[in-house]
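Enquirer: the following comprises the amino acid sequence and a computationally predicted model.
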Amino acid sequence: MDQTLKWFTSRMEESGITLSPHQLEQFDTYFRLLVEWNEKMNLTGITERDAVYEKHFYDSASLSFFVNIDKVERIADIGSGAGFPSIPLKICFPHLKVTIVDSLNKRIQFLNFLVEQLGVSDVSCVHGRAEDIAKLPEHRDSYDLVTARAVARLNVLNEFCLPFVRKSGLFAAMKGSQSEEEVREASFSLRELKAKIKAQHQLQLPNEQSERHIVIIEKLDATPRKYPRKAGTPLKQPLIG
């Protein structure tokens, strides 16, 4: 086992996740395909092996340090890009039923190929805007856990993601930097979308030491019919009271 895998395996074990040789093989396949497809399309700016394992795989799995994934069945990953955090979580927790929503068809093609090559089941990759997909009955108010690993502000992410969450389910916003002002600014969107902040967590990536914040939001009731607003509106006119 090389140094990258040794580091990754031991860090995951420290956090309570023991990876089998098959799961490590799946992560290796993921890395290879990510780099290969990245030459044809822009999937990630991070392609160096150590960095992918830390900043994509470990970072994605870190959600399970704060949310009991064993109790989650259905997860939706909104604007997943190259499959983060949902595919690393699926590799670590094979019982998950995953739905990935992304607006770029090329990325969906990559994800469908990736899922096939990883040999995982119960992963559905949906092409479309979050605001449109959230209006479909099979997705609305349906998921135990919804994730977004994104740079958009929290009040925008809330409107993208909370309509997918079932009552009493959770939305986890995985962010780099996070300010108290951003959390305060999100309070109106939380009220409108029938949700509340349950917890906020902070961690540093082990090697690079860059900061990560995870905001855990609990859904209190079904999404009001008027949300989400039509595609493009949440970004242009964020919910601010």
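Expert: The structure has been received and is ready for your questions.
Enquirer: can you list contacts of the helix or strand hosting residue 157?
Expert: Using DSSP states H and E, residue 157 falls within helix 154-161. The contact list for helix 154-161 (CB atoms under 8 Å, 6 or more residues apart in numbering) reads 76, 78-79, 130-131, 134, 146-148, 150, 152, 171, 173, 175, 182-183, 185-186, 188-190, 193, 195, 215, 217, 227-229, 234-235, 238-240. Heads up, the C-betas are built off the backbone N, CA and C, glycines and all.
Enquirer: same question for stretch 182-197.
Expert: The contact list for stretch 182-197, computed with CB under 8 Å, 6+ apart, reads 153-155, 158-159, 162-163, 165, 171, 200, 215-224, 227, 238-241.
Enquirer: what subset of the residues you listed is buried?
Expert: Among these, those buried by neighbour count (16 or more other CB atoms under 10 Å) are 153-155, 158-159, 162-163, 165, 171, 215-219, 223, 227, 238-239.
Enquirer: hmm, residue 168 and residue 221 touching each other?
Expert: No: using CB atoms under 8 Å, residue 221 makes no contact with residue 168, being 9.3 Å away.
Enquirer: before we move on, back to that, buried among the contacts of helix 154-161? Make that a ChimeraX selection.
Expert: Here is the ChimeraX selection string for the buried members of the contacts of helix 154-161, based on 16+ other CB under 10 Å:
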select :76,78,79,130,131,134,146,147,148,150,152,171,173,175,182,183,185,186,189,190,193,195,215,217,227,228,234,238,239
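Enquirer: in strands, which of the contacts of helix 154-161 fall?
Expert: Counting by DSSP state E, the part of the contacts of helix 154-161 found in strands is 76, 78, 146, 147, 148, 171, 173, 175, 195, 215, 217.
Enquirer: list the contacts of residue 78.
Expert: 101, 130, 146, 147, 148, 150, 160, 161, 164.
Enquirer: and it, what are its bridge partners?
Expert: When bridges are called by DSSP bridges, residue 78 pairs up with residue 101.
Enquirer: lowest-confidence helix or strand of the chain?
Expert: helix 180-185 (a mean of 87; mean pLDDT, DSSP states H and E).
Enquirer: chain center to that one: distance?
Expert: 21 Å (CA atoms, centre = their mean, to the nearest Å).
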